[in-house]
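Asker: one predicted model, sequence on top.
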Amino acid sequence: MSYAKTLSIGLVGLTGHVVEVEADLANGLPALTLAGLPDTALHEARDRVRAAVVNSGQSWPSRRITINLLPATLPKHGSSFDVAIALALLASAGELPPASLAGVALLGELGLDGSVRPVRGALPMVHAAAKAGLRRVVVPLGNAYEAGLVPGIAVRAADTLRRLVDFVRGAAPLLAAPAPPDDGVTAGPDLADIVGQGLGRRALEVAAAGAHHLALVGPPGAGKTMLAQRLPSVLPALTDDEALEVTAVHSVAGVLPEGAGLVRRPPYQAPHHTASMPALVGGGSGLARPGAISLAHRGVLFLDEAPEFRARVLEALRQPLEDGYVCLARAGGQTHYPAQVQLVLAANPCPCAKPGGDHLCECSPLVRRRYLARLSGPLLDRIDLRVRLRPVTAADLLHDRETGEPSAAVAERVAKARALAAARWSGQPWRTNAQVPGGALRGSFRLPRAVTEPLRRPLEAGSLSARGYLRVLRLAWTVADLDGRDQPQAEDVHEAYELRMGDAL
């Protein structure tokens, strides 16, 4: 037998494709040729596989070897094909029975000593194998937890190539995938820690109830970062499909802890203000990898000291905020990553940033305007809530009082408000108020003129744009949901406008 075939999975972004790994042995000078659009890491598999096979006690065929990865038009990336290449080569040399490898997806990187090492993206790979109709998959032991999260497919793990070869020969069993750990929602920072800041707490609750973006402007120590860190604690836990999607992104990025279960809590990402554009939206050589905005998918992306970010980096957020995904085109191919996030911006009101508030500020009005003008109008126009926080007073800090309302109580109101919104938008492609298109707000869900009257003067004066008008309406629906009303009233629209304008920052 001089020909054999195995199966593996290739990833392009989060999308997996079944890849056939062909091995053919022919007479001629000993050499190994790898075909099928491999990248640099995959080209190096020739040396890794040879050393792993020899150090596992197997014979390396002294013939001309051709390895082909099908489909040939699909770019292949990474080292996850090593195990499939090694077994296809041994089967083509007559060392293994090819029938035992039929219908099995093989994943894993080989060490020179024959160890099978974990790879990035095992979860979306196994999910792609299950969708393609495969019912068995072999993964590295380090990926066994996350691979076991995919239902409907039998997962077995291998720690060495020797164990895998013995299994194919029927001489030894593989390792069973460990049971996934408890993936319940873990406790995080609690809103009860926040002292004062009633307006900030209200804005946080409205943002969570309607999935709105939020901007917080205030002096140092006002609680901007503390509020942002506690937003995930009042958001609903992720559903099964959402958790699988979020966990897949973390798996591709290589940040999923070994042995971790599904990510059930909305993720939280807070990149430093010196972060580059690839770090924030994704990038890298070859096939682009997910950035912080995709790692925060279904969760919170917090940009502290937002005016200190480079302008081009901030402007790159505009398209993902509108579309809910990032499209990255590189020489190695085009990749889509999900990016449905709640953006939270935090900024000091001026460069000097005196903790005591505006009365201690040493900056001129022009300097203050220029500082916040680093946040462009088009970006701020996409932020639903824009709140100016005041310094925490001495009375708030020194008064002997009970702690503030805990996150659990706020989360309960948020869940009820989201349930009302989901029922109202049932049958529509959106589920939260922040996602409602303008056509619906101007059409079947148009509010009476008496209710929207508070917005007439700002519209006529030009202080409220058309996009801002629609965002105020979305906020008004969220305020009504939190208060248990079927439809916003004039006072809801007024509160929504105040939360939107933020003293015009």
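Answerer: That came in fine, so what should we check first?

Asker: tell me the SS of the nearest residue to Gly188 once chain neighbours are set aside?
Answerer: Spatial nearest neighbour of Gly188, chain neighbours left out: Ser233 (5.1 Å); criterion: Cβ to Cβ, 6 or more residues apart in numbering. Bear in mind the C-beta positions are built from the backbone N, C-alpha and C, glycine included. The three-state assignment at Ser233 reads helix, by DSSP: H, G, I helix; E, B strand; the rest coil.

Asker: what do you get for Val116?
Answerer: Under three-state DSSP, Val116 comes out as strand.

Asker: tell me what it is bridged to.
Answerer: On the basis of DSSP bridges, Val116 is bridged to Leu110.

Asker: show me what contacts it?
Answerer: Val116 makes contact with Val83, Gly108, Glu109, Leu110, Pro140, Leu141, Ala158, Asp159, Thr160, Leu161, Leu164, according to Cβ atoms under 8 Å, 6 or more residues apart in numbering.

Asker: number of residues surrounding the third one?
Answerer: Here the neighbour count serves as a burial measure; for Glu109 (other Cβ atoms under 10 Å) it reads 22.

Asker: now the closest residue to Asp193 other than its chain neighbours. Its backbone dihedrals?
Answerer: Distance criterion Cβ to Cβ, 6+ apart; nearest residue to Asp193, sequence neighbours excluded, is Met226 at 6.6 Å. Backbone torsions for Met226, taken as degrees, to the nearest 10, come to phi -60, psi -40.

Asker: begin at 12, not 1, for the rest of this chat.
Answerer: All set: I'll call the first residue 12, so the last point we hit is now Met237.

Asker: mind listing what Met237 touches?
Answerer: Taking Cβ under 8 Å, 6+ apart, we find Met237 in contact with Pro200, Asp204, Ile205.

Asker: 10 Å instead, please
Answerer: Pro200, Leu202, Asp204, Ile205, Val206, Gln208, Gly211 (Cβ atoms under 10 Å, 6 or more residues apart in numbering).

Asker: pretty sure the first one contacts Arg276?
Answerer: Just to be clear, that refers to Pro200. No: at 11.7 Å, Pro200 does not count as touching Arg276 under the criterion of Cβ atoms under 10 Å.

Asker: anything in contact with each of these two?
Answerer: The overlap between the contact sets of Pro200 and Arg276 (Cβ under 10 Å, 6+ apart) consists of Pro243, Ser244.

Asker: out of those two, which sits in the busier spot?
Answerer: Arg276 (21 against 17).

Asker: A strand includes that one, no?
Answerer: No: per three-state DSSP, Arg276 lies outside any strand segment and is coil.

Asker: look up how far Pro247 lies from it.
Answerer: Distance, Arg276 to Pro247, using Cβ to Cβ, to the nearest Å: 10 Å.

Asker: likewise for Asp93?
Answerer: Relative to Pro247, Asp93 is positioned 41 Å away (Cβ to Cβ).

Asker: tell me the contacts of Leu175?
Answerer: Per Cβ under 10 Å, 6+ apart, neighbours of Leu175: 67, 94, 97-98, 101, 107, 117, 119, 125, 127, 149, 167-169, 183, 185.

Asker: one more time with 6 Å
Answerer: Listed by Cβ atoms under 6 Å, 6 or more residues apart in numbering, the contact partners of Leu175 are Ala169.

Asker: right, and the helix or strand after the strand or helix carrying it?
Answerer: Per DSSP states H and E, Leu175 falls inside helix 172-179. Next along the chain after helix 172-179, taking DSSP H and E as the criterion, comes strand 186-187.

Asker: and after that next one, which helix or strand comes next?
Answerer: Next in sequence after strand 186-187, counting helices and strands by DSSP H and E, comes helix 209-221.

Asker: what's that following helix packed up against?
Answerer: The helices and strands touching helix 209-221, judged by 3 or more Cβ pairs under 6 Å, 6 or more residues apart in numbering; DSSP states H and E, are strand 396-399, helix 418-435, helix 477-493.

Asker: got a markdown table for those, with mean pLDDT and mean neighbour count too?
Answerer: Formatted as a markdown table, the helices and strands packed on helix 209-221 follow (pLDDT from 0 to 100; neighbours: other Cβ atoms under 10 Å):
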| stretch | mean pLDDT | mean neighbour count |
| --- | --- | --- |
| strand 396-399 | 92 | 23 |
| helix 418-435 | 94 | 18 |
| helix 477-493 | 92 | 23 |
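
Asker: Leu145 is nearest to which of these?
Answerer: Of all those, helix 418-435 sits nearest to Leu145, with 35.0 Å by Cβ to Cβ.

Asker: quick one: the helix or strand following that closest one to chain centroid distance?
Answerer: Following helix 418-435 in sequence order, the next helix or strand is helix 449-453 (DSSP H and E). Between the centre of helix 449-453 and the centre of its host chain there is 29 Å, according to Cα atoms, centre = their mean, to the nearest Å.

Asker: any buried residues in helix 449-453, and which?
Answerer: Across helix 449-453, burial judged by 16 or more other Cβ atoms under 10 Å covers Ala451, Leu452.

Asker: average pLDDT for that helix, rounded please.
Answerer: When pLDDT is averaged over helix 449-453, the result is 88.

Asker: report all helices and strands that it contacts.
Answerer: Against helix 449-453 (3+ Cβ pairs under 6 Å, 6+ apart) you get helix 477-493.

Asker: what's in contact with the helix it packs on?
Answerer: By Cβ under 6 Å, 6+ apart, the list of residues contacting helix 477-493 from outside reads 217, 220-221, 392, 395, 428, 431-432, 444-445, 447, 449, 452, 499, 503-504, 506-508, 511.

Asker: what's the first helix or strand after that helix?
Answerer: Assigned by DSSP H and E, the successor of helix 477-493 is helix 501-512.

Asker: and that following helix, what does it pack against?
Answerer: Contacts defined by 3+ Cβ pairs under 6 Å, 6+ apart place helix 501-512 against helix 477-493.

Asker: cutoff 10 Å now
Answerer: Applying 3 or more Cβ pairs under 10 Å, 6 or more residues apart in numbering; DSSP states H and E, we find helix 501-512 packed against helix 209-221, strand 396-399, helix 460-463, helix 467-472, helix 477-493.

Asker: mind putting the ones you listed in a markdown table, distance to Val266 included?
Answerer: Putting the helices and strands packed on helix 501-512 into a markdown table (distance: least, Cβ to Cβ, whole Å) gives the following:
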| stretch | distance to Val266 |
| --- | --- |
| helix 209-221 | 24 |
| strand 396-399 | 29 |
| helix 460-463 | 45 |
| helix 467-472 | 43 |
| helix 477-493 | 32 |
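
Asker: so which of the ones you listed is nearest Gly302?
Answerer: Nearest to Gly302 among the helices and strands packed on helix 501-512 is helix 209-221 (22.3 Å), distances taken as Cβ to Cβ.

Asker: so Ala139, which of the three states?
Answerer: Using three-state DSSP, the structure places Ala139 in helix.
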